[in-house]
Structures are given as C-alpha cells and as structure tokens.
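# Quick one, fold the following:
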Amino acid sequence: MSDIVLEAKGIRKAYFEAGSTTPVLSDISLSVRRGERVAIIGSSGSGKSTLLNILGGLDRPDAGEVRVNGEALYAIGENRRSALRNSELGFVYQFHHLLNEFTALENVAMPLLIGGAGAASAKLAAGQMLEQVGLAHRVRHKPGQLSGGERQRVAIARALVAKPSCVLMDEPTGNLDRHTAQEVEQYLGQLNSEFGIAFVTVTHDLALAERMDRVLEICDGGLRPGR
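So this is what the prediction gives:
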C-alpha cells in the first residue's frame, strides 16, 4: 500500500460570472502522506477553501486530478465518489454543521450508518469516539445543549469515526475562544497520533499552522512552501 493517501496533480480552477473569468487555482500539485499534518495558509480569497473542496470531492476542478488512496476522485461516478468520501475522507469546518434534531451519538454514528453499518455497531463505535474526545457524558445531548467547544469535538468525532485516511479541516478552531481552541487542538493531536490519520488544515492561525508537520501557502493561484 502506498504511503500517499491524498494526491493532487495540475489542479486548475476559475470562476465565471457576468462574462468575466476569475482564475483561482493554477497548476497546483501536492501529496499528503499517511499520518501527516499539513497546514494550508493564504490571504482571504486566495483559494484555500476552494482547494480543500476540490481535494474532498465537493467541487470539480477545471483541470487536473485528485487521487484518494490511488483512486481518481473525478474519474468515477457520483455514487462511488460519495462512498469514497464517506469512507476515506473526513470533514471538519469552522461551524460544526451538526444535525440539531439528533443527539451527539446519532450525529457521530451518521457516516457509519450511511456506509451501511448496522445501528448497534455504528452507535458502539460512535460512543467510543465520543469518549476519545472527552464527551462520554454528553452522548445523549443534542447540539443545542452543548457548548461551542463540545459541538466542535462532536464534529471531530464524526469526521474520524469511520477511521478515514485523511481529514480535511477548514478553520477548525476559528469560531472558538482561545482556551477552547487549544483544547480542541489537543484532542486533534491525540487522535492524529493514535489513529495515524492525515490532516489537511486550512487556517489563518499562523501559530496553529506552525505546529503542523508542513506548511504550504497559496499565493497568486499557486502553492509554495509556507513561512
């Protein structure tokens, strides 16, 4: 098995509006190894989130390819792409995007249920993952009953419950106060060490970026080693 879990080659993306073209990404390539933590930085509007969405199979590039564990993400049908996203990629955003009508346990179990797991095994795995992020005592609470930091930890548990190869994170601590952000970052570090899951994190927080294994910066549509 290759050590490369996520690979992009020659990614290009532009947006077309009102007869004009705005280039965003120009010939971007990168590889992410198993268990590696990569930060992507850049100014607002530089294309960080666009790149993350392309890496996650959520936004098709104009040119280039993305491979997840060697499988070309945009050369397969939508059903297979959705299944690959669900099993091999996790997503954590600045805002948790939890389903408010479901408990923490049910939210975390969702990717496993979508992937075809039985209800009992999905809930068992979800409970174990919530315990990993220090929320064993909150499994039956709904998002509205949780603090901001707790909701983000539930989102992290949901992203990792299927033991994906790579988790893509867009400002995962950007909506949290400093103390809570440090707490969430600590849990992320522990989970990275324990499960060997790669992290690709888009962030404006240079201090957070510098604690990653590697920093890349988007500038003028290209990707270069960060500061």
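# Next SSE downstream of the lowest-mean-pLDDT helix or strand in the chain?
When the helices and strands of the chain are scored by mean pLDDT, DSSP states H and E, helix 178-195 comes last with a mean of 78. Sequence order places strand 198-202 as the next helix or strand after helix 178-195, per DSSP states H and E.
# what's that next one in contact with?
With contacts defined as CB atoms under 8 Å, 6 or more residues apart in numbering, strand 198-202 is touched by 5-6, 32-41, 48-49, 51-52, 55, 165-172, 188, 192, 208-209, 212. Quick note: C-beta positions are derived from backbone N, CA and C, even for glycine.
# Quick one: low-confidence residue ranges for this protein.
Along the chain, the model assigns pLDDT under 70 to residues 1-2, 94-96, 226-227.
# quick one, strands of it?
Listed in chain order, the strands found in the chain under DSSP state E are 4-17, 20-33, 37-41, 63-68, 71-72, 89-93, 166-170, 198-202, 214-219, 222-225.
# Ok, which of those strands comes nearest R151?
R151 lies closest, by CB to CB, to one member of these: strand 89-93, at 11.3 Å.
# Am I right that Y187 is in contact with L135?
No. Using CB atoms under 8 Å, Y187 and L135 do not qualify as a contacting pair, with a distance of 9.7 Å.
# returning to that earlier point: reformat the strands of the chain as TSV; add mean neighbour count and distance to A122.
What follows is these, written out as TSV (neighbours: other CB atoms under 10 Å; distance: least, CB to CB, whole Å):
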stretch	mean neighbour count	distance to A122
strand 4-17	17	24
strand 20-33	16	27
strand 37-41	23	27
strand 63-68	18	22
strand 71-72	12	24
strand 89-93	23	15
strand 166-170	24	19
strand 198-202	25	23
strand 214-219	19	34
strand 222-225	13	37
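# Dump these into JSON lines; add distance to A125 as well.
Below are the strands of the chain laid out as JSON lines (distance: least, CB to CB, whole Å):
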{"stretch": "strand 4-17", "distance to A125": "21"}
{"stretch": "strand 20-33", "distance to A125": "25"}
{"stretch": "strand 37-41", "distance to A125": "24"}
{"stretch": "strand 63-68", "distance to A125": "21"}
{"stretch": "strand 71-72", "distance to A125": "24"}
{"stretch": "strand 89-93", "distance to A125": "14"}
{"stretch": "strand 166-170", "distance to A125": "16"}
{"stretch": "strand 198-202", "distance to A125": "20"}
{"stretch": "strand 214-219", "distance to A125": "30"}
{"stretch": "strand 222-225", "distance to A125": "35"}
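# I156: which of the ones you listed is closest?
I156 lies closest to strand 89-93 among those, at 5.6 Å (CB to CB).
# So what's the gap between the closest one and the chain middle?
Strand 89-93 has its C-alpha centroid displaced from the chain centroid by 3 Å (CA atoms, centre = their mean, to the nearest Å).
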